[in-house]
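*Asks:* Mind looking at a prediction? Sequence and model below.
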Amino acid sequence: MPRTRLRSTLRAGVAALATIGLLAACSANAASDAGDAGQPVYGGTLTYLEHQPPSCLYLPAAGFYPNGGVLNQLTDKLTWQDPKTLKIEPWIAKSWEINADATEYTFHLRDGVTFSDGSPLDAETVAANFDVYGLGNKELKLPVAEFVNNYARSEVIDKSTVKFHFNKPSPGFLQGTSVIGAGLVSKKTISLPYEEQCQLKNVVGSGPFTVANQVVDKEIDLVARKDYSWAPPSFAHQGRAYLDKIKIIVTPEDNVRVGALTSGQADYVRYVQAYDEATVKAAGYRIYAEPTRGVNNGLYLRPANSILQDVNVRKALQAGTDAKEVVETLFTDSYPVATSVLSKLAAGYVDLSAQLGYDPAKANSLLDQAGWVRGADGIREKGGRKLQLSVFVSGPQPLSKQTLELVAQQWTKIGVKLDVRQADSGTQAAALKDAEKTPLVHSMVGRADQDVIKSQFHTRNRDVLLSNDAQLDRLLEEQSALVDANARNAKVAEIQRYVVDQGYAIPLFEEPQVYGAAPYVHGVSFEAVARPSFYDVWLSKKDK
Amino acid sequence: MTRYLALRVGQAVLVLWAAFTAGFVLLQLLPGDSILIKFQNPELGLSPDQIAEIRRLYGSDAPAIVRYVHTLLGFLHGDFGYSIDTGTPVLDRLAEGLPATAKLATLGFLVAVLIAVTIAFVSSYSRFAWIRGALLALPSLFVSVPTFWLGIVLIQVFSFQLKLVPVIGGTGFEQLILPVLTLAVPISAPLAQVLARSLDQVQAQPFVAVVAAKGASQRWILWRHVARNALLPTLTIAGVTFGELIAGSVVTETVFGRNGIGRLTEQAVAVQDTPVMLAIVVLSATVFVLVNLVVDLLYPVLDPRLAAKVGVTA
């Protein structure tokens, strides 16, 4: 298969480059905002290089990072989450009321907002959007959105007032209205079947840019909407976007993206690999390592697996994994070592670094206690069975293969064999729901709300653990229904402790999204989970 | 001639049917399927029941034989079904990618021929043994260079360092230069090797000595006698290298971020988009069959002795 050949060549190249890059990558630090070059100017074209072509753009299913560069420019949301304070601020909704038990949300919409096809963004349209996001639509094959829980129905009070009713308290809903998946689309778009909503040409939003041209899999050209005048009120910048045009060009090769940036062919690129950060900085360009504020990049151990059902084995693997070594060997300062299940910047984070320290002696004694004894080859055995586990390389995680291989090396020191398997997505999908075939997974999830922990672990959400632990589900549900923020944070802390105590998670690092931009690109900004917004971006003279 | 053509067309149809069937069966045997890959996306949080429901909606729960007949009938009517990944008709996706790939492949092939002919002729007629040796070593080098590596090196040197051609932006022509070169180099290798060898063989033939004895100039001998005879084996190889063009375009299009059939193949394989993969298999088989048919029909034009065999009378 040509693809296999390509991939192994790519991998060999990446490995070689990684070695070189690492030698120089020790002094990385994230650049701060670029708003330091005087008055913003209007006009110009931004060339933005994206790693992968966008996938399906049906909004609730569009969290895939490559979609972010496009969708955040095309759609607006009811609310805006300040990425620094994580506070929810008005946007299309100029104000809102929530009843005491968080089962009724009333939003008052701003007047005069229109979609790019000219249709009005009114209460009826917002209701139609959230009816689909909250309930799905079987006929149109539209699945429910992850960020809406316990949704019952919508009620249009008047042209600019809409009320949402919930079956059970849904305190996460307000933040849910600010995420990428909650982008508002025209009534025509939301009434289309799934396949149609997936396609860029059918996505009609009210955002600061519209699609001018698309070459499938290669390029998307966006142009500024001249009549745009409904940016979040808290923004200093109002009215139309500064840029005239954005060319989003898909460039899958890592070193072509970085080379194009540093040679002046592109202005802004997504996904700079850890080993390329030093190259970008050395050329005088900026690195933006943006936190994703959610469940950390880590290994998630499945209690239904016949080996991992023993909590001592899970705890031993946790103690036998040196996350610090992983970060220091493969990554840069843009990737902080994990100190809990959640990122330091996540809502409800609690520092568990004391429990997560690297302790091979403890790991060995736990495994001894659990009855696993070392065989002749150094791998532990029990009842004739080897302590051998397998894990799939996870495509979306940065340097997943290298990370897993390093963990496998660490585990051999405690007598555990980890097979790192590279498989096509079909094989992975078929094995994903079977704890014997997929004993552990390498994953993360980003979202700036307490509910992110539920997304990752609840049996009716991502269920990364294939959990058989009713208590975990119960804790997650309690968290999700707590209206008081402090009580909710306390519950999230309890869940983090529980997940770590049970050995369900081996957190590795706080996964960032890493971007590179030229020094003449100003006003670079991101939403709370690191997808770029181009509304504020402006270009000064290209000559440095 | 008509009979020969009918026979060849019959063979072609058989080959296409076999490619379709083999493709269909092999794709069925793959673990998992595109619906599972797409809808088991953890972000959607669908339960196995819901996924089964979606599978029913897509009709992919029918017995394999029913789907086989259904798909085959569709193909006969030019209906390749829908891409499960993007929801667009497969025909549209092919139509989006085909022109770009056709341009890339055609130019790549022409440049390959140019490189091959230059190497073969200069080496055959060079008076210096070292030039000859150096040139004849080139094909082995070219064929061993991985397309992926060559593409990256060309980009690094000509675009990023020397800044001669942009990879991002630039005119359509500028965007073609490096990819065409990347694709042409490995393909030129077998062509150059076979052509150089045939040139040598033909030159050793007695009739060349006869023509030379009759006083023909070296140029006359080369173009009228040697080249014509030496082209036949090269033509056969040229037909076969078509497969290389497709494989090469997968890599080239990915490295250069071009859209086309190669990229489409890569993406379809990544998410196991069965309808797209099946259509690409049949498309590749069709072009392969056509190219080889053209090659076979060209033989008698180049060599009149073969005309008698295929029933063409002058």
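*Replies:* Looks like it arrived, so ask away.

*Asks:* and B:Ala102, how many neighbours does it have?
*Replies:* Neighbourhood size, B:Ala102 [other C-beta atoms under 10 Å in any protein chain shown]: 14. Placement of C-beta: from N, CA and C, glycine included.

*Asks:* now B:Val301
*Replies:* 10.

*Asks:* Which secondary structure elements does the helix or strand where it lies sit against?
*Replies:* Assigned by DSSP states H and E, B:Val301 falls within helix B:274-302. In terms of contacts (3 or more C-beta pairs under 8 Å, 6 or more residues apart in numbering or on different chains; DSSP states H and E), helix B:274-302 is packed against helix B:2-29, helix B:64-76, helix B:90-125, helix B:227-240, helix B:242-255, helix B:261-270, helix B:304-309.

*Asks:* what would those helices look like in CSV with mean pLDDT and distance to B:Gln161?
*Replies:* Converted to CSV, the helices and strands packed on helix B:274-302 look like this (pLDDT from 0 to 100; distance: least, C-beta to C-beta, whole Å):
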stretch, mean pLDDT, distance to B:Gln161
helix B:2-29, 90, 43
helix B:64-76, 90, 48
helix B:90-125, 91, 22
helix B:227-240, 84, 34
helix B:242-255, 84, 17
helix B:261-270, 89, 26
helix B:304-309, 71, 50
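
*Asks:* Can you give me every residue that contacts the closest residue to chain B within the stretch 101-250 of chain A?
*Replies:* Across the stretch 101-250 of chain A, the shortest distance to chain B (C-beta to the nearest C-beta) belongs to A:Glu195, at 2.6 Å. Residues in contact with A:Glu195, defined by C-beta atoms under 8 Å, 6 or more residues apart in numbering or on different chains, are A:141, B:82, B:86-88.

*Asks:* Distance to chain A added to the helices and strands packed on helix B:274-302, as JSON lines?
*Replies:* JSON lines is the format used below for the helices and strands packed on helix B:274-302 (distance: least, C-beta to the nearest C-beta, whole Å):
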{"stretch": "helix B:2-29", "distance to chain A": "10"}
{"stretch": "helix B:64-76", "distance to chain A": "16"}
{"stretch": "helix B:90-125", "distance to chain A": "5"}
{"stretch": "helix B:227-240", "distance to chain A": "16"}
{"stretch": "helix B:242-255", "distance to chain A": "4"}
{"stretch": "helix B:261-270", "distance to chain A": "5"}
{"stretch": "helix B:304-309", "distance to chain A": "34"}
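
*Asks:* what secondary structure does B:Ala184 sit in?
*Replies:* Here B:Ala184 is recorded as helix under DSSP: H, G, I helix; E, B strand; the rest coil.

*Asks:* What is the neighbour count of it?
*Replies:* So B:Ala184, with other C-beta under 10 Å, has 24 neighbours.

*Asks:* And B:Lys158, how far from A:Val258?
*Replies:* Careful, residue B:158 is Phe and not Lys. 17 Å (C-beta to C-beta, to the nearest Å).

*Asks:* With neighbour numbers in mind, choose between those two.
*Replies:* Per other C-beta under 10 Å, whichever of B:Phe158 and A:Val258 has more neighbours is A:Val258, with 27 against 17.

*Asks:* Next, count neighbours for residue 288.
*Replies:* By default, I'm working from chain A. A:Tyr288: 24 neighbours (other C-beta under 10 Å).

*Asks:* look at chain B instead
*Replies:* 19.

*Asks:* That one contacts B:Thr241, doesn't it?
*Replies:* No - in this structure, B:Phe288 is not within contact of B:Thr241 by C-beta atoms under 8 Å, at 10.9 Å.

*Asks:* In contact with A:Gln397: list those residues for me.
*Replies:* A:297, A:403, A:442-444, A:511.

*Asks:* rerun at 6 Å
*Replies:* With contact taken as C-beta atoms under 6 Å, 6 or more residues apart in numbering or on different chains, A:Gln397 is in contact with A:His442.

*Asks:* Just to be sure, it is in a strand?
*Replies:* No - according to three-state DSSP, A:Gln397 belongs to no strand; its state is coil.

*Asks:* Can you read off the pLDDT for A:Ala25?
*Replies:* The model reports A:Ala25 with a pLDDT of 35.
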